[in-house]
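*Asks:* prediction below, plus the sequence it came from.
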Amino acid sequence: MFDSYSSTRNYPYYKLIVLLADLLIVNGLYWILYALCRSMAWNHLDLTHYSYYVVVNVFYLICFKLVGVVAFNRSVRTEHILAKVVGIVFDHCLIMIFLSYVGGILGVTWKILLVYYVFLFIFLLLERLLLRDLFHHLRIQKKDAVNVVIIGDGKNLQEIASLMEIPLYGCNLMGVFSDKEITGFPPTAKRLGSVTDALKWLEAHQQQHIGELYCGLSSDHIDDILPLIDYCERNVIRFYSVPNFQNYLRRNMVTEMFNDIVVLSIRQEPLANTAKRITKRIFDIIVSGLFLCTLYPFIYIFVGLAIKLSSKGPVYFKQDRNGLEGKIFKCIKFRSMKINEECDTIQAQKDDPRKTRVGDFLRRTNIDELPQFINVFKGDMSLVGPRPHMLKHTQEYSRVIDRYMVRHFVKPGITGWAQVNGFRGETKELSEMVCRIDADIWYIEHWTFWLDIRIIIKTIKNMLHGEEKAY
């Protein structure tokens, strides 16, 4: 909890430093590439053209805003920085490839773009790792430490005080105000007085430049809390109210409002936002509608004929599956198996005797999933989302995997974050399903429109290259 506050609360100029360093690399590499093009007689692209140069920078600023930065956070691992750099380089590259294609110059510039983005990735990663170490060094040296006061003695406050002992967090705990002797706090924390003494102490120690105040008092102390808030507002002190949950929620929480009452949600759900749901739905309708009206009729004719010739039964296989909010819908697929009584209880396996020769090909190429564009157009599914499971699996796994049903907060998808990361197909071990559920929940908590685009592109690549678990 404390880290989520401390990662964004102080020193906004850190983010500006990262942005300026990024732009220096983006533009420096741009002009180095221009010099390289001239020396190697790659004159197909006028890199000095003002509009092209502006486009590179404008769209980088947009990608920077959408992807975000973690290099200046008070505790950040290398893989977090790597993920952000991959995201921003991939998004920017995708945009520039699209614009080059529209401008009719992609055919002669793809080598240039490849060189540029390989070096951009390397230099951005090195830059952000160096900046992270620099920011950490400044905090350890107390160069940006903020003076902090704690009011209350709850367990969450005790944990916050313990984290403040770590130099990396850049905090200097001045003391604690509590109506009783403090226990559970670090040995270095000292009691400055009772709760009612806090306001007088702050007024008497203005020269200490207190930067933050963490208050864990209950609403019974409203007569003490309101004057403290007023004082903090007048004296440029950030006031944080720390709910006392007795640490039963060991995770980051999301603040929301129920009318004018503050409530805390267990997770961030971007698709809980109506505008974002509408954006996703419009994209689903456009893509599925175009596909169903153009390519799909021809695919249906050839695939349908092959299925009919290979075995008796319908072209489509329709199965009850759980969708949004656990509601049941008919999931449509091209039939890849002989008619059997185990289709609703047993997953397809490698060398499954139930599969037809045509069906084996359909499953390996994922063509059997294409009728689900009908489900997408109808609104039962989305292009991207957690894969819908058989009713039997939902019943079984929901009893043994605690967060299994969370995946039903959004519409199921034809493809998903779990599938493009290797968690698809048969689940022989419970751990395999746990990994899939974790990936689905990560998608729900981190959804963006660009994430959907990246998943779709990666799905197409996987289809072209073939997948080990596609059977």
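*Replies:* Yes, it's here.
*Asks:* can we go C-alpha only for contacts and neighbour counts from here?
*Replies:* Fine.
*Asks:* helices of the stretch 351-471 of the chain, residue ranges please.
*Replies:* With helices called from DSSP state H, counting those that start in this stretch, the stretch 351-471 of the chain shows them at 357-364, 372-378, 391-400, 417-420, 430-446, 449-465.
*Asks:* scratch that, the stretch 201-350 of the chain
*Replies:* Ranges of helices within the stretch 201-350 of the chain are 222-234, 274-293, 296-310, based on DSSP H, counting those that start in this stretch.
*Asks:* one step back: closest one to Cys93 among the helices of the stretch 351-471 of the chain?
*Replies:* Closest to Cys93 of the helices of the stretch 351-471 of the chain, according to CA to CA: helix 449-465, at 11.8 Å.
*Asks:* tilt between that closest one and helix 430-446?
*Replies:* Counting by axes from the mean of the first three to the mean of the last three CA atoms, to 10 degrees, helix 449-465 lies at 140 degrees to helix 430-446.
*Asks:* tell me which other helices or strands helix 449-465 touches.
*Replies:* Contacts of helix 449-465 with other secondary structure elements, assessed using 3 or more CA pairs under 8 Å, 6 or more residues apart in numbering; DSSP states H and E, are made with strand 382-384, strand 413-415, helix 417-420.
*Asks:* if we go to 10 Å?
*Replies:* If contacts are counted by 3 or more CA pairs under 10 Å, 6 or more residues apart in numbering; DSSP states H and E, helix 449-465 sits against helix 50-67, helix 78-102, helix 274-293, strand 382-384, strand 413-415, helix 417-420.
*Asks:* tabulate these (a markdown table), appending mean neighbour count.
*Replies:* Putting those into a markdown table (neighbours: other CA atoms under 10 Å) gives the following:
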| stretch | mean neighbour count |
| --- | --- |
| helix 50-67 | 15 |
| helix 78-102 | 17 |
| helix 274-293 | 15 |
| strand 382-384 | 26 |
| strand 413-415 | 22 |
| helix 417-420 | 23 |
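*Asks:* just put the ones you listed in CSV and tack on mean pLDDT and distance to Val236.
*Replies:* Supplementary listing: the helices and strands packed on helix 449-465 in CSV, determined by pLDDT from 0 to 100; distance: least, CA to CA, whole Å:
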stretch, mean pLDDT, distance to Val236
helix 50-67, 80, 27
helix 78-102, 82, 32
helix 274-293, 93, 35
strand 382-384, 95, 45
strand 413-415, 94, 48
helix 417-420, 90, 43
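*Asks:* can I get the ones you listed in CSV including distance to Val115?
*Replies:* Output for the helices and strands packed on helix 449-465, formatted as CSV (distance: least, CA to CA, whole Å):
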stretch, distance to Val115
helix 50-67, 15
helix 78-102, 11
helix 274-293, 32
strand 382-384, 31
strand 413-415, 31
helix 417-420, 26
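*Asks:* show me the one of these that comes nearest Pro227.
*Replies:* Comparing the helices and strands packed on helix 449-465 under CA to CA, the one sitting nearest is helix 50-67, at 37.2 Å.
*Asks:* CA atoms only for that closest one - export them in PDB, please.
*Replies:* What follows is helix 50-67 as a C-alpha-only set of coordinates in PDB (Å, rounded to 0.1, in the frame of the first residue of the first chain):
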ATOM      1  CA  TYR A  50       9.300  18.500 -41.200                       C
ATOM      2  CA  SER A  51       6.000  16.600 -41.100                       C
ATOM      3  CA  TYR A  52       7.700  13.200 -40.700                       C
ATOM      4  CA  TYR A  53       9.900  14.500 -37.900                       C
ATOM      5  CA  VAL A  54       7.000  16.000 -36.100                       C
ATOM      6  CA  VAL A  55       5.000  12.800 -36.400                       C
ATOM      7  CA  VAL A  56       7.800  10.700 -34.800                       C
ATOM      8  CA  ASN A  57       7.800  13.000 -31.800                       C
ATOM      9  CA  VAL A  58       4.100  13.600 -31.400                       C
ATOM     10  CA  PHE A  59       3.300   9.900 -31.500                       C
ATOM     11  CA  TYR A  60       6.100   9.100 -29.100                       C
ATOM     12  CA  LEU A  61       4.600  11.600 -26.600                       C
ATOM     13  CA  ILE A  62       1.200   9.800 -27.000                       C
ATOM     14  CA  CYS A  63       2.800   6.400 -26.500                       C
ATOM     15  CA  PHE A  64       4.800   7.700 -23.500                       C
ATOM     16  CA  LYS A  65       1.500   8.900 -21.900                       C
ATOM     17  CA  LEU A  66      -0.400   5.600 -22.700                       C
ATOM     18  CA  VAL A  67       2.300   3.200 -21.600                       C
END
